[in-house]
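1. Below are the sequence and a predicted model for it; my questions follow.
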Amino acid sequence: MKLSIIVPVYNASDFLARCLDSLVNQTLESDYEIVLVDDASTDNSYELCKAYQEKYPELIKVEQHAQNKKQGAARNTGLAVAKGEYIAFVDADDYVSLSMYEKLLTLAFQENADIVDSDYYQVSFTGEKEMNRSIAPELLSLEGAARKKQLIMSHGRMWTKIFKRSLLADNDIRFIEKLFYEDNEFLPIVMCYSERVVKVDEPLYFYMTNSESTSNSLNNYAHFDRLSTAKKMIENAKSRKIYDEYKEEFDYKFIELFYINTIIFCLTRFNPVETDKIREIRAYMKKEYPDYKKNQYFSKRKLSYGYILGSSVDVAPKATVSIYKLGKRIVLSKRVKILLKKRAR
């Protein structure tokens, strides 16, 4: 068995068939399996999984959770039964190129790679596609510790990759369970143990912009799971004795995940803006990371949006929120004017 494709499934009946059709029709000549893990869906997702299993009994395995445990637990369940030499992870609302895994596996065996990456299309509600990079190719030309340092910070997307199963099993790498944003902790850790990372420089994965997904939802307090997963990333790195060697890189990733990105979510994913949560996050940073701006990577980004946003929140969280609201009104006003002009034509 060369490849196991693990698909967490939760209330995905509207788009699961599209995903599975892209997986069962792969151009792979070698043996592979698709492991579907239903995470206690309340719609007919499990029945749809079983129907595909009946149609493709040699290809599809179906596991089911009695209780909802989130994607991390579903991926762990899939890893426990997977037999492939390489592991892939696909989200049930996305789909892949029919040649994706043939291309990734071919390169994996040619290079004896621990991880093979690719790029992806972000697909809008209207079907418009935008190509996005996962890992920048120039990072993979680096050697040894220099490459690992960069990949801890810029590891790309999890579902654009395949991972050698022994890389995960031998180093006891698993996903955080019962929290969203579990890949925020997983990818920086797994990059520390990878010796050979290569890339198919081509978009092969189709990431659907789903308004009902956790990352795109509004007023959803699951967004703050990213605070817990960022803390667990640091805790895991310390317990594995790899934190000290890559302290600057892990700290930079923590600043990005815990502080900057979460503040952006507080501003853009909540109405009204989560001002109290911004203050809470700021207080934690002042206590635990008071000198975060001295981080060698973050300090080089003084003109970046993240650096400016962090500096603003450090000084005056309330003013930051007011400035954001004003900017939002200005942008909205411009959009209304443009729309009115178009209608007047």
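-> Ah, there it is.

2. per-domain residue ranges of this protein.
-> Dividing the chain into domains by automatic domain parsing, as the record does, gives the ranges 3-216, 221-337.

3. okay, these, which one's buried deepest?
-> Burial of the domains of the chain is given as mean neighbour count (mean count of other Cβ atoms under 10 Å); domain 3-216 ranks first at a mean of 18. Every C-beta, even on glycine, is put in place using the N, C-alpha and C of the backbone.

4. Dump the domains of the chain to TSV, plus mean pLDDT.
-> Shown next, in TSV, are the domains of the chain (pLDDT from 0 to 100):
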stretch	mean pLDDT
domain 3-216	95
domain 221-337	88
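
5. tell me the strands in this protein, going along the chain?
-> If you assign secondary structure with DSSP state E, the strands in the chain sit at 3-9, 32-38, 60-64, 86-89, 95-96, 115-123, 129-132, 162-164, 197-208.

6. Ok, which of the ones you listed comes nearest residue 219?
-> Proximity of those to residue 219 was assessed by Cβ to Cβ; the nearest stretch is strand 197-208, lying at 21.4 Å.

7. wait, doesn't residue 293 sit right on residue 310?
-> Yes. With contacts defined as Cβ atoms under 8 Å, residue 293 counts as touching residue 310 at a distance of 7.4 Å.

8. Dump the strands of the chain to a markdown table, plus distance to residue 270.
-> Written out in a markdown table, the entries for these read as follows (distance: least, Cβ to Cβ, whole Å):
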| stretch | distance to residue 270 |
| --- | --- |
| strand 3-9 | 26 |
| strand 32-38 | 31 |
| strand 60-64 | 34 |
| strand 86-89 | 29 |
| strand 95-96 | 30 |
| strand 115-123 | 23 |
| strand 129-132 | 25 |
| strand 162-164 | 34 |
| strand 197-208 | 23 |
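
9. Residue 72: which of the ones you listed is closest?
-> Taking Cβ to Cβ as the criterion, residue 72 comes closest to strand 3-9 out of the strands of the chain, the separation being 8.6 Å.

10. Which elements pack onto the closest one?
-> Contact partners of strand 3-9 among helices and strands, from 3 or more Cβ pairs under 8 Å, 6 or more residues apart in numbering; DSSP states H and E: helix 16-24, strand 32-38, helix 45-55, helix 70-81, strand 86-89, helix 100-111.

11. Of all these, which one is nearest residue 314?
-> Set against residue 314 and scored by Cβ to Cβ, those come closest in helix 70-81, at 31.9 Å.

12. Using CSV, list the CA coordinates for the closest one.
-> Extracted as CSV, the C-alpha positions of helix 70-81 are listed here (Å, rounded to 0.1, in the frame of the first residue of the first chain):
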residue,chain,number,x,y,z
LYS,A,70,-13.1,17.6,15.8
GLN,A,71,-10.8,17.2,12.8
GLY,A,72,-7.7,16.4,14.8
ALA,A,73,-9.2,13.4,16.4
ALA,A,74,-10.7,12.2,13.0
ARG,A,75,-7.2,12.4,11.5
ASN,A,76,-5.7,10.5,14.4
THR,A,77,-8.4,7.8,13.9
GLY,A,78,-7.4,7.6,10.3
LEU,A,79,-3.7,7.4,11.1
ALA,A,80,-4.4,4.5,13.5
VAL,A,81,-5.8,2.3,10.6
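
13. The spatially closest residue to residue 64 that is not a sequence neighbour pairs with what?
-> Among residues not flanking residue 64 along the chain, residue 38 sits closest, at 4.6 Å (Cβ to Cβ, 6 or more residues apart in numbering). The partner list for residue 38 in beta bridges (DSSP bridges) reads residue 9, residue 64.
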